[in-house]
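Enquirer: Sharing a model that was predicted from the sequence below.
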Number of protein chains: 2
Amino acid sequence: MTEILGVAEAVLYVADLQRAKTFYTTVLGLPVTAEFEDACFLQTGPNSTLILFELEKLQQRQSVIPAHGAKGAGHIALAIPTDQMNAWRARLQAHGVSIEHEQDWGAGTHSIYFRDPDNNSLELIDAAHYPRMWQQIQKKGT
Amino acid sequence: MTEILGVAEAVLYVADLQRAKTFYTTVLGLPVTAEFEDACFLQTGPNSTLILFELEKLQQRQSVIPAHGAKGAGHIALAIPTDQMNAWRARLQAHGVSIEHEQDWGAGTHSIYFRDPDNNSLELIDAAHYPRMWQQIQKKGT
């Protein structure tokens, strides 16, 4: 028996770890669970972690852990409670973060898109119909 | 009230979507929930999705969805049940996938690292002490 339970760690790469840490802890309110010279671990809900890696330091690191690192805008979607979409809009606005796009997925699910200071594309998606909504969208041929 | 419930979507970029899809559906056994010309959505547990994007097609896409795309080896860690570490080792071996590294985190948590066909670094981590183990590791000053 082999199962996958979920995403334990998702990754975004940044140029300035302290700037990114400030953004994710203040704008998104994510708690820091661990910090290293080249990485900041942010708890995203009870079972998962978003790791911010400072790309240049990561690539210079001597480590037994297998190397990785990518350049360009990454993407992550974070699930939020369905009834908090307005509260999140207000929170982003209060921090001066522009909403780049909003998407109604047509299956009871909605997303808000914005950018972190490194141009990574962040998405808040309400969790009610997720991930089942993707099967519904696919069936409709969108 | 603003909460983050978890990682809804994590992303890896690939050069050949069909090759990557074959790897993730056969070696990892992840179900496909949706497919598009430049993307394959794989269900990773009940609440999260790993999206594989074919980088070149993604960058040519005309879409209202905010653009992203990064070049280089990405990383994701997937949670597995603690008692399935041996079964996962056997499964990888049966598919001819080399284990690049194993890491004992010293807090009751263990990881296996290997590569996908695009050199993305994949990690299977047992879920029992995760993500709390990072706080324990940090406290020990590792």
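Expert: Thanks, I have it. Numbering: from 1, shown residues only, chains lettered A, B, ... in the order given.

Enquirer: Number of residues surrounding residue A:13?
Expert: Per other Cβ atoms under 10 Å in any protein chain shown, the neighbour tally for residue A:13 reads 26. Where you see a C-beta, it was placed from the backbone N, CA and C, and this is true even at glycine.

Enquirer: Identify the bridge partners of it.
Expert: On the basis of DSSP bridges, residue A:13 is bridged to residue A:53.

Enquirer: anything in stretch A:109-116 near chain B?
Expert: Yes: legend: contact between stretch A:109-116 and chain B by Cβ under 8 Å from any Cβ of the partner chain is shown at A:113, A:115.

Enquirer: average model confidence for that stretch?
Expert: Here stretch A:109-116 scores 96 as its mean pLDDT.

Enquirer: so how far is that stretch off the chain centroid?
Expert: Computed by Cα atoms, centre = their mean, to the nearest Å, the chain-centroid distance of stretch A:109-116 equals 10 Å.

Enquirer: Output that stretch as PDB, restricted to C-alpha atoms.
Expert: Extracted in PDB, the C-alpha atoms of stretch A:109-116 (Å, rounded to 0.1, in the frame of the first residue of the first chain):
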ATOM      1  CA  THR A 109     -15.300  28.500  -6.500                       C
ATOM      2  CA  HIS A 110     -13.500  31.900  -6.700                       C
ATOM      3  CA  SER A 111      -9.900  33.000  -6.800                       C
ATOM      4  CA  ILE A 112      -8.000  36.200  -6.000                       C
ATOM      5  CA  TYR A 113      -4.600  36.700  -7.600                       C
ATOM      6  CA  PHE A 114      -1.800  39.000  -6.400                       C
ATOM      7  CA  ARG A 115       2.000  39.200  -6.400                       C
ATOM      8  CA  ASP A 116       4.600  38.800  -3.700                       C
END
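
Enquirer: Got the domain ranges for chain A?
Expert: As given by automatic domain parsing, the domain ranges for chain A are A:1-68, A:72-142.

Enquirer: Now that we have those domains, can you turn them into a markdown table and tack on distance to residue B:41?
Expert: Putting the domains of chain A into a markdown table (distance: least, Cβ to Cβ, whole Å) gives the following:
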| stretch | distance to residue B:41 |
| --- | --- |
| domain A:1-68 | 13 |
| domain A:72-142 | 5 |
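
Enquirer: and residue A:50, how far is that from chain B?
Expert: Residue A:50 is 7 Å from chain B, where distance means Cβ to the nearest Cβ, to the nearest Å.
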